[in-house]
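S.K.: Whatever this is, show me its structure:
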Amino acid sequence: MKKLFVTSLLISLSLGLLTTASAAPAPEGFSVHVSEKSNADPDYSISIGGLPGGTLQAKYGSDKINHANFKSLEFNYYQALPLIDDLSVSLGTRRLEYNNDSTWKTQIGVQKRFKLTDKTSAYTNVFWSKDFLDQDLGLAYELTSNLELNLGYYNTKTDHIGGSSPRSEGISVGATFKL
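M.R.: Coordinates of the predicted model:
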């Protein structure tokens, strides 16, 4: 029953993404994001906006948890929702590796930005699947039209990866370069 619910949810989300694709165009362009995390190696991501209504992103990151490497490689498709400003949903896949055990997981996500001033925004990102929950909360400051600085808090909880349930949390500092 649980698998049927998750499968139905993913199919509904996919169909929703396809039907709203033409109504909510994504920002045009190419961006690179680098984020340094406390107790972890940097995260790197590349995003391409302006694809049929959405944005495609590839992201890589790694953490040291309990003296073992925890690596993550993910691919996401973001779709802005036309009725709510700066809200998007995503569908993607993530490869998790811990203690020499690796697995691919389908993930869904929600991202929201809240404009605080002309140059400052708050943001939140939540991704989840059957075996993990990944949350970010932070502030973004637009230094120039091509450079945004970020300060945030991250919390990643996983279950049943490499025979363990590794968790990681801390402060992140990053920058997004828009080309």
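S.K.: so where's the chain shaky on pLDDT?
M.R.: Residue ranges of the chain with pLDDT under 70: 1-28, 39-40, 52-53, 64-69, 160-164.
S.K.: Mind naming the longest strand for it?
M.R.: Taking DSSP state E as the criterion, the chain has its longest strand at strand 101-115.
S.K.: Please compute how far that one lies from its chain's middle.
M.R.: Here the centre of strand 101-115 is set off from its chain's centre by 5 Å, with CA atoms, centre = their mean, to the nearest Å.
S.K.: tell me what it is packed against?
M.R.: Here strand 101-115 touches helix 2-20, strand 68-80, strand 87-98, strand 120-129, strand 132-144, going by 3 or more CB pairs under 8 Å, 6 or more residues apart in numbering; DSSP states H and E. All C-beta atoms are positioned from the backbone trio N, CA, C, and that covers glycine.
S.K.: nearest residue to Arg95 other than its sequence neighbours?
M.R.: Spatial nearest neighbour of Arg95, chain neighbours left out: Leu73 (4.4 Å); criterion: CB to CB, 6 or more residues apart in numbering.
S.K.: With Phe177 instead?
M.R.: Distance criterion CB to CB, 6+ apart; nearest residue to Phe177, sequence neighbours excluded, is Val32 at 4.8 Å.
S.K.: Go ahead and confirm that neighbour touches Leu147.
M.R.: No: assessed by CB atoms under 8 Å, Val32 is found out of contact with Leu147, at 10.7 Å.
S.K.: list the residues that contact both of the two?
M.R.: Counting by CB atoms under 8 Å, 6 or more residues apart in numbering, the common neighbours of Val32 and Leu147 are 176-177.
S.K.: From Asn146, how far off is Ser62?
M.R.: For Ser62, the distance to Asn146 (CB to CB, to the nearest Å) stands at 27 Å.
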